[in-house]
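[1] Below is the structure, and that's it, no one-letter string:
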């Protein structure tokens, strides 16, 4: 009987720990301290943070109308993208930035998909089997990840709301994770 009580207590504690972890902090970006929904100006621009703070941290996550985005500062430029990878929803805020053929790319930490910061294109390395000596070359899958326009004004960083009249593959996961969704950022 004591074994059943101990086993039940063990499962109950595991359940409590799981609930606490699930309801924990939504922002996984260890480089920033983003807090919830960002402030929107009358012109539609959403305040993300102070330019100097983002330059120091190199990245920050925020929400625009419930949509999770990540803003990177890389090699003197700001780039904003949907925070979830178009492939399977991996957290791009945890990815590493790599240079691929002169293009800065975020590498999804889940499946290593490569996405250009400038355009949101998905890149892959492929060969042309019709070539006499096929060698792998980087090629584009087309624009897969929604990017967002970044504006700097008086030392503040703002992001424009997305133009939802055009759809991108990343929209699926942006909607799935919207407002905390079934899987919160970092889970």
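    Yep, it's here. Nothing here was measured: the structure is a model prediction, and the numbers come from that model. Numbering: from 1, shown residues only.
[2] which parts of stretch 48-58 are buried?
    48, 49, 51, 54, 57 (16 or more other Cβ atoms under 10 Å). All C-beta spots, glycine's among them, are computed from the backbone N, C-alpha and C.
[3] I'd like to know which of those residues are part of strands.
    In strands, defined here by DSSP state E, the members of these are 48, 49.
[4] any chance of the buried residues of stretch 48-58 in TSV, plus pLDDT and distance to residue 97?
    Compiled in TSV, the buried residues of stretch 48-58 are given as follows (pLDDT from 0 to 100; distance: Cβ to Cβ, whole Å):
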residue	pLDDT	distance to residue 97
48	96	18
49	96	19
51	97	19
54	97	14
57	96	13
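[5] if we take the buried residues of stretch 48-58, which one ends up nearest to residue 151?
    residue 48 (9.7 Å; Cβ to Cβ).
[6] distance of the nearest residue to residue 90 once chain neighbours are set aside from residue 53?
    Of all residues not flanking residue 90 in the chain, residue 110 sits nearest, at 3.3 Å (Cβ to Cβ, 6 or more residues apart in numbering). As judged by Cβ to Cβ, to the nearest Å, residue 110 and residue 53 stand 28 Å apart.
[7] now swap in residue 136 and tell me
    Computed as Cβ to Cβ, the residue 136 to residue 53 distance reads 39 Å.
[8] Helices of the protein, start to end?
    Assigned by DSSP state H, the chain shows helices spanning 2-22, 51-57, 171-176.
[9] Could you tell me the least trusted of those helices?
    Of all the helices of the chain, helix 2-22 carries the lowest average pLDDT, namely a mean of 65.
[10] show me what contacts the most centrally placed residue in the chain?
    For the chain, residue 83 is the residue whose C-alpha lies nearest the centre (Cα atoms, centre = their mean; 1.9 Å). Applying Cβ atoms under 8 Å, 6 or more residues apart in numbering to residue 83 gives the contacts 61, 68, 69, 70, 91, 92, 93, 174, 177, 185.
[11] Identify, from those residues, the entry nearest to residue 147.
    Distances from residue 147 to those, taken by Cβ to Cβ, are shortest for residue 69, at 9.4 Å.
[12] Just confirm residue 39 contacts residue 46, I think it does.
    Yes: Residue 39 lies in contact with residue 46 (Cβ atoms under 8 Å); the separation is 6.9 Å.
[13] From the neighbour counts alone, determine which of these two ranks first.
    residue 46 (23 against 10; other Cβ atoms under 10 Å).
[14] For the more buried one, give the beta-bridge partners.
    Per DSSP bridges, the residues bridged to residue 46 are residue 40, residue 159.
[15] From residue 157, how far off is it?
    Counting by Cβ to Cβ, the gap from residue 46 to residue 157 is 10 Å.
[16] swap in residue 56?
    For residue 56, the distance to residue 157 equals 12 Å [Cβ to Cβ].
[17] Residue 92 now?
    Applying Cβ to Cβ to residue 92 and residue 157 gives a distance of 18 Å.
[18] how far does stretch 146-161 stretch from start to finish?
    The first residue of stretch 146-161 is 11 Å away from its last residue (Cα to Cα, to the nearest Å).
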